Structures are given as structure tokens and as C-alpha cells.
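> Here is a sequence with its predicted model. Questions after.
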Amino acid sequence: MSDLLRVEHLTKHFAVHQRFLGSRVGNYVSAVDDVSFNVREGETLGLVGESGCGKSTTGRCIIRLTEPTSGSIFFEDRNVGELQGKDLKAFRRQAQFIFQDPYASLNPRMTIGEIISEPLAIHGEGTRAERQSRAKELLDVVGLNPEHISRYPHEFSGGQRQRIGIARALALNPKLLICDEPVSALDVSIQAQVLNLLDRLQDEFGLTYVFIAHDLSVVQHISDRIAVMYLGKLVEVSDWKSLYMQPYHPYTQSLLSAVPLPDPDRQRNRERILLEGDPPSPIDPPTGCRFHTRCPIAQEICSNKEPELLQVASGHTAACHFAAPNPVPVGVKGTTAATAVAAVSG
Amino acid sequence: MAGELLKLDDLKMYFHTRDGVVKAVDGVSYTLNPGETLGVVGESGSGKSVTALTMMRLVPMPPGKIEGGEVLFKGESLLTMKEEQVRDIRGNRIAMIFQDPMTSLNPVYRIGHQIAEPLMVHKGMSKAQAHERAVELLEMVGIPNAADRAGDYPHQFSGGMRQRAMIAMALSCDPDVLIADEPTTALDVTIQAQILELMQALQKRTGTAIIMITHDLGVVADMANNILVMYAGRPVEFGTTDQVFYQPRHPYTWGLMDSLPTQNLTEKSALHPIKGQPPSLLHVPTGCSFHPRCPYAKDVCGTMDPPLVDLGGGHLSACLFSGDPGFERRVVEYAEVPE
């Protein structure tokens, strides 16, 4: 498989204005900092991390919804940042976006037929009647009734709206879909329906997905490879199986151990690593390894020297000075809430 | 019974709206014993939150109307009690924490003041005493530099810290029951783990009974003693955590579990979602409200209300066929579900 998408040294800083309505720029939030990865044709890359880690910004930069501060994005070996005019428009046909919030991402004043055929109209495809019949076809593809084409978004439930958003994204036969938390606003039973739909569409149309999510069990289900981000940095990239079986980065390991499992026995008996505190502010990220302030195995070097993303096993990279399979040994934990309580009451 | 702390009996809360009657809670019963944790699981609109709000008398009436049933707290009816008496219990004997810690804290008061308030109201403490206790409580829930941070406003706290402050506030009067309504849903997974651990540690120490309302089966898996599964305002299954997870008997519970991606490390297993979507509570299907989505449904399911039947060992299920020995969960494949 060849690379459909390559992201190289992507960096995005947002200016923080210090005065209300003012223009004086004080600091920068480094939302994404020197992130590189590739996505192969036909695969699903899961991009996970907690809120504020830069996963959505990365997704938006890929299709130039947000202009990167530096770094480049190559789509089919063409630099997306240099595309203009016709070429940019052509690129946008190839790469589409599915948004998290199925309520905010559909215009309430347009019928779903208009919503789905709008990309076709923008790109000047077909006549109005042809676009309409294409929209019907797309509704059928995503499992909605084509007869509902003149209904408005408010007549649909969350899961159905997400299907409408998917139909719109598919209208131009794209190669790449950036899915930004497409199921996190949905109920469990509906979430499973949409995940199955995405699976089927991938097979049917040979799509490539960048799947952004915070829910590790969802990401594991859908992804071939997974990239884990923390505070604007990639900390680990690997195929899904070795990431879950044998994480090399302490952050990945603690993230995995924090996922609540719907299985009482496993949940009661497993060793959990509780991280201390909250993620630091991206305005003033920690020096060295950005994770060192919460890392249960941090050493002195971690606060001085930034670890590089290095290969640790075949097809598996991690950015940690002490990268090893399951690096946090059993029994080593961050200060847990339990011990804090014990300390106060004892 | 002496042991029962809280008992709901066939509680019904309907909302009378312009479009018709919304049966938000339609016959919910359970008992909670001291020190126990009950997990209430269901999807949005299943009535899990309204049940809790109803028993706290926090549902505005009208449009809400209690159409029947009873809520007994230590043998006393919460529904017929005078408002002043309820106020004495609410926040004092029964406390609540909500999903969104930002909107449930008052943005214009300092955190310390907000935690001290119930102590002054319910325990008659002086301002100074209450403030001192508030700092202790903040320390207890793991806020560093509690004495300083008590002077902060909510916007100066992160999401996880706000939820800790909410927990401190809820536990300030040593309540008998803590109702936690999706307490970790708005939080990141590592912070969620911290908060769940904190709640368990505090429960061990204070012996507070917890009602944990959530849509995430994982959250209640190791916390709850008992689990109640709700669908369209009705209880569909109740049992111990092990009964519900390992021997579920209701097709909705089966569907819910099959919808979850498994943490299977050797291969990817397909998801088997429930077809269709939850009904509008304005038009709840007749008979079993789950029958239009149920792959096991027979004709009778559309006409007969399934009673909540005891299958032995306190395991209840509201399905006409749960008791049949041959009624087994099977993998149901859907073409994913055109509506």
C-alpha cells in the first residue's frame, strides 16, 4: 500500500490576544507541534488523545480548514499547502470531513436533499435533477429512506443526522475522509450502527479514514493503525494490535488502563495507572518531554531533553526516553485519589 | 424493612406538553440499602435522570406530574412531604452531582463559599467554621493547596477539579445517599479514572450509598453492587452486577452489550447494534416498548405489557420470554438498518 497522505512536521500555533478586542498578541498556544505521520491508501488511522491534545486541529489542518503555521501535508505526493485555485478545489473533492456534532453541522434551513447535493452544486456537477437523484442514491447508501429527501434536519434523530453528514461527505466520491469524533455524540446502540456503516462504506468505496476520537475502544474497533497525541505532540504510533497489547509509551499505557471495561471481573482485577493532576496548559507546555509532569516513571532527563519519536519495534514508534513494552511496572502509580484520601483521613 | 434506605415503588412521572403526554418515567421501582451502589444504565431519553430528579422533587410541576407511585426515604414518603421538609433532606441527607460541573457551580461565587453554604444552611455552622470545613473537604477530594484554591472562582478550576469540588460540596453534610448523574461523562478518560477512584475511596470511608446514573456500562462495572437497566422510561432489567453482565436475560440488555466494541486483542469482532432507534416518549409502542427493535419479538409482545418478573436471586427482567430456559441470546446480523 502506498501513502495517500503524509503529514510532515506539522505545527499550528494559535495567537492568544491579551486584550479584549485588542490586537496585542501575548502568547501562543501550540496546539500541534512538529507532528509527522503517514496514512496508507485504504487504511484507517485512529488519532486519539484527550481534549486539547491537538487531534482535531491536526485533522482540520490536513484539509486546510485551518492553515498550518509550518510543516507540510502531502496528498498523493502533492503539497497541499501550495495548492491554489483549481488545484485546491480538486483536492477538496478528494478529501472530505465528517463533523462531531450532528446538530451544528447541518444547516437547519436546508432540506437534507439540498444539504447532500450542495457539494455537487459547488463543484458544478450535473443538473439540478441529476444532483437530486444522486442525493437519493446517497441517502440509500447510508441507510436512510430516499423518500425523505425534502425533510429538514430537525425531523431526524442524532444518529440519522450523522448519516446525513456522511452522505454529504461521500457526495463527491472522495478518497480521504477525516472523521472528527463522528460517534461521540451518539448513544451506544446508535454509535454501533454508525461504526458499522463507516466500515461498510470503506469496503464499498475503498475509502481512507483519519478517525479522530477520544474513546479508545471505538478507535481500537475501527483503526488499522493508531497515533496517540498528548499536548500537541505525537507520543506513539503503531498498528492497533501492538499498541493495545504492548504500549511502549507510559502515557499510552495509562490511557489504556483508564478505559472503563464493561466487564466487572476484568475491571476489578486489573492494574490501573492513575495519572496525577490535569494535562498542563498548551500555552506554556512543560520543557523536555511534555508528559513528564504527570509521568509515573519520569527521570531527570525527561524534564530537560525532548524525546524523539523513534522506532521501538517493527511498525511501532514511540517518543519516550524509557520506551519499553509496558514501561510502567506493576505497583508504580501516580498519587491516586485513594492515597490522597487515606493521607487526609489517616 | 429496617435495612432499606431508599425505596421507589412504581414511580411514574409524566410531562403534559402541547404535543401530548410524555411518559418520562413509567413505573420504576428499586430499593437502595445503606452503603450500596446502584448503577442506573440507559440511553438518552430512557428516564434515568428524570427518575432521580423526581425523587428529589426537582422536576417542575407543571408540566411534570407524578401519576403514581411512591418514594420512601427511611420509611418516609418524599412525595407527600412538605417542601420545607424536603429542603431539609435535599443536599443534606440526599445529595446530587451532575454531569456538567461548569453549569452546576455558580460562576460568581468562590468555590469555598459554595461548599460552605450547605454547611451553614443544614448544619448551622458559623461562616468561619463552615469555611474551615470546606477547605478540609477540598483537601479530602484531592485539590492541592486547598486553603488557597478555596478562594478561586469556578472558571479557575479545570473540569476534573470542578467535579472534585462538586463532590466535596455533595459530601459536605455526610449524606446517606449520593446521586451521581453522569458525573464523568464530560471528562477525559484519565480524569474520569481519577474521579471514579475518588468516589469509591470516599464511599469506603463514609459509607454513603451511591446511585450512579450513566450510559456507560464500563463505568458501573466495578463500582455497582446492583444494576438497573432502563428503556423508554421503564425498567427492563435489574440484578446484581454479575447477573446483569454475565447472565443478562433481557434482549435490550443483550443488544446494549453487543453494541459495545469489545476489548478483544486478538481479532476484531463485528458490532451487532440494535436496529432502529429509541421511540419518542410521546408515542411509546404498545405492549413491550422495545418490541419494534427486538429481534426476538413475537406478536404477543405488541399487545401485552411485560411485567418485571423475578427470575430468582433478585434478578428481574421485563420480558415475556426471559423465564423460558430455551430463550438464549444469539448473534443477530443486521443489514445496518434502513429506517
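Thanks, I have the structure now.
> how many other residues sit next to A:G52?
Neighbourhood size, A:G52 [other C-beta atoms under 10 Å in any protein chain shown]: 20. C-beta here means a position set from N, CA and C on the backbone, and glycine is covered the same way.
> what helix or strand does it sit in?
Per DSSP states H and E: A:G52 is located in neither a helix nor a strand.
> so it sits right up against A:H214, yeah?
No. At 10.5 Å, A:G52 does not count as touching A:H214 under the criterion of C-beta atoms under 8 Å.
> In chain A, what residue spans correspond to helices?
Residue ranges of the helices in chain A, as given by DSSP state H, are A:55-62, A:85-94, A:112-122, A:128-141, A:158-170, A:188-205, A:216-222, A:240-245, A:250-258, A:264-269, A:300-304, A:337-345.
> Including mean neighbour count, distance to chain B and mean pLDDT, could the ones you listed go into TSV?
Formatted as TSV, the helices of chain A follow (neighbours: other C-beta atoms under 10 Å in any protein chain shown; distance: least, C-beta to the nearest C-beta, whole Å; pLDDT from 0 to 100):
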stretch	mean neighbour count	distance to chain B	mean pLDDT
helix A:55-62	24	12	92
helix A:85-94	13	26	91
helix A:112-122	20	13	93
helix A:128-141	17	8	92
helix A:158-170	25	6	91
helix A:188-205	20	3	89
helix A:216-222	23	4	88
helix A:240-245	19	5	89
helix A:250-258	25	4	91
helix A:264-269	15	4	84
helix A:300-304	14	18	91
helix A:337-345	17	4	42
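> As JSON lines, those with distance to B:V71 would be great.
Listed next are the helices of chain A as JSON lines, based on distance: least, C-beta to C-beta, whole Å:
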{"stretch": "helix A:55-62", "distance to B:V71": "43"}
{"stretch": "helix A:85-94", "distance to B:V71": "57"}
{"stretch": "helix A:112-122", "distance to B:V71": "44"}
{"stretch": "helix A:128-141", "distance to B:V71": "46"}
{"stretch": "helix A:158-170", "distance to B:V71": "31"}
{"stretch": "helix A:188-205", "distance to B:V71": "28"}
{"stretch": "helix A:216-222", "distance to B:V71": "36"}
{"stretch": "helix A:240-245", "distance to B:V71": "44"}
{"stretch": "helix A:250-258", "distance to B:V71": "35"}
{"stretch": "helix A:264-269", "distance to B:V71": "28"}
{"stretch": "helix A:300-304", "distance to B:V71": "54"}
{"stretch": "helix A:337-345", "distance to B:V71": "31"}
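> CA atoms only for stretch B:97-105, dumped as CSV, please.
In CSV, the C-alpha atoms belonging to stretch B:97-105 read as follows (Å, rounded to 0.1, in the frame of the first residue of the first chain):
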residue,chain,number,x,y,z
ILE,B,97,-23.8,15.7,41.5
PHE,B,98,-24.4,16.5,37.9
GLN,B,99,-22.8,15.8,34.6
ASP,B,100,-21.6,19.3,33.7
PRO,B,101,-19.6,20.7,36.6
MET,B,102,-19.4,24.1,34.9
THR,B,103,-23.1,24.8,34.8
SER,B,104,-23.8,23.3,38.2
LEU,B,105,-21.4,25.6,40.0
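> Tell me which residue in the stretch 201-346 of chain A sits closest to chain B.
Nearest residue of the stretch 201-346 of chain A to chain B: A:P260, at 3.0 Å (C-beta to the nearest C-beta).
> residue contacts, that residue?
The contact partners of A:P260, by C-beta atoms under 8 Å, 6 or more residues apart in numbering or on different chains, come to A:267, B:192-193, B:196, B:216, B:218-219, B:221-222.
> can you check B:Q114 too?
So B:Q114 contacts B:105-106, B:165, B:169 (C-beta under 8 Å, 6+ apart).
> What of A:Y209?
A:Y209 makes contact with A:43-45, A:176-179, A:198, A:202, A:222, according to C-beta under 8 Å, 6+ apart.
> Please narrow those residues to those residing in strands.
A:44-45, A:176-179 (DSSP state E).
> Going by distance to chain B, which of those wins?
A:T44 (11.1 Å).
> That closest one - nearest residue in space that isn't next to it in sequence?
Closest residue in space to A:T44, ignoring its immediate chain neighbours: A:Y209 at 4.2 Å, by C-beta to C-beta, 6 or more residues apart in numbering or on different chains.
> Over to B:G276?
Spatial nearest neighbour of B:G276, excluding adjacent residues (C-beta to C-beta, 6+ apart): B:R293 at 4.6 Å.
> Quickly check the contacts of A:Y209 for the two that are furthest apart.
Using C-beta to C-beta, those span at most 15.1 Å, a distance reached by A:L176 and A:I222.
> Whatever residue of the stretch 1-150 of chain A ends up closest to chain B: how many residues sit nearby?
Residue of the stretch 1-150 of chain A nearest chain B, by C-beta to the nearest C-beta: A:E50 (3.9 Å). By the criterion of other C-beta under 10 Å, A:E50 has 20 neighbours.
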